[in-house]
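Trainee: Everything below, folded, please.
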Amino acid sequence: MTETSSLTRARSQRRPATRWHAAGTAVAIALMCATLGGCLSLTGEQFQRGYILPPGALEQIPIGASQDQVLIVMGTPSTVATLDGEVFYYISQRAERPLAFMEDRITDQRVIAIYFDKNRQVRRLANYGLKDGKIFDFISRTTPTSGQEMSYLTPLFKLMSFN
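Mentor: You can find the predicted model right below:
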């Protein structure tokens, strides 16, 4: 009986140590999760620069709309040009950064162009972006040809890629 009671006493003395060990392990795991959670917040950042197109805005601008209507729906353009009438350009760029200390990587660049005739009414809309490395109009599904329009758009896309 002496041996049984000494074994029982030894086991009962070990149990509190085991409980403390389990509690310490749980605290350590919780701290690791909190630390990793903090690290995860440093990843996957996304940035929107320039003009943010409101949902459905382009659908609210019919051909023939006045310049004032465009300003009400779209707001002030990023820049204005004169190409056989006036053109409003709304410039935007999306980028992401995999980790907080890494450089941004551009994921999308857009130039929305609204062309006006001599009477200051919309004659054409374009939503330019890069597709296969070339400037592409996502509304008409065409690549603009050389000329005044391309001589203005090309520098915009080159400048945007260095931001």
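Trainee: where along this structure do the helices fall?
Mentor: 2-40, 67-74, 148-161 (DSSP state H).
Trainee: Next, the buried residues of the shortest one.
Mentor: It stands for helix 67-74. By 16 or more other C-beta atoms under 10 Å, the buried positions in helix 67-74 come out as 70, 73-74. All C-beta atoms are positioned from the backbone trio N, CA, C, and that covers glycine.
Trainee: Could you list every helix and strand that that helix packs against?
Mentor: strand 86-99, strand 105-116 (3 or more C-beta pairs under 8 Å, 6 or more residues apart in numbering; DSSP states H and E).
Trainee: I'd like to know which elements the last one is packed against.
Mentor: Using 3+ C-beta pairs under 8 Å, 6+ apart as the contact criterion, the secondary-structure elements in contact with strand 105-116 are helix 67-74, strand 86-99, strand 122-131, helix 148-161.
Trainee: got the domain boundaries for the chain?
Mentor: Domain ranges of the chain: 1-41, 44-161, per automatic domain parsing.
Trainee: Distance check, Ala95 against Phe47.
Mentor: Separation of Ala95 from Phe47 (C-beta to C-beta, to the nearest Å) stands at 5 Å.
Trainee: okay, these two: which has more neighbours?
Mentor: Neighbours per residue, other C-beta atoms under 10 Å: of Ala95 and Phe47, the larger number sits with Ala95, 17 against 13.
Trainee: Look up the residues forming beta bridges with the more buried one.
Mentor: Beta-bridge partners of Ala95, counted by DSSP bridges, are Phe47, Ile106.
Trainee: ok, it - contacts?
Mentor: By C-beta atoms under 8 Å, 6 or more residues apart in numbering, the contact set of Ala95 is 46-47, 49, 104-107, 163.
Trainee: Need the pLDDT of it.
Mentor: Looking at Ala95, its pLDDT is 82.
Trainee: Neighbours of Gly50, how many?
Mentor: Quick note: Gly50 (other C-beta under 10 Å) scores 15 neighbours.
Trainee: My guess is it contacts Ser78. True?
Mentor: Yes - using C-beta atoms under 8 Å, Gly50 is in contact with Ser78, at 6.3 Å.
Trainee: Now for those two: what residues contact both?
Mentor: 90-91.
Trainee: Below-threshold pLDDT in this structure: ranges please.
Mentor: Within the chain, the stretches with pLDDT under 70 are 1-28, 30-43, 132-134, 138, 140-152, 154-163.
Trainee: before we move on, the earlier item: can I get the helices and strands packed on strand 105-116 in JSON lines with distance to Phe116?
Mentor: Formatted as JSON lines, the helices and strands packed on strand 105-116 follow (distance: least, C-beta to C-beta, whole Å):
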{"stretch": "helix 67-74", "distance to Phe116": "6"}
{"stretch": "strand 86-99", "distance to Phe116": "5"}
{"stretch": "strand 122-131", "distance to Phe116": "6"}
{"stretch": "helix 148-161", "distance to Phe116": "14"}
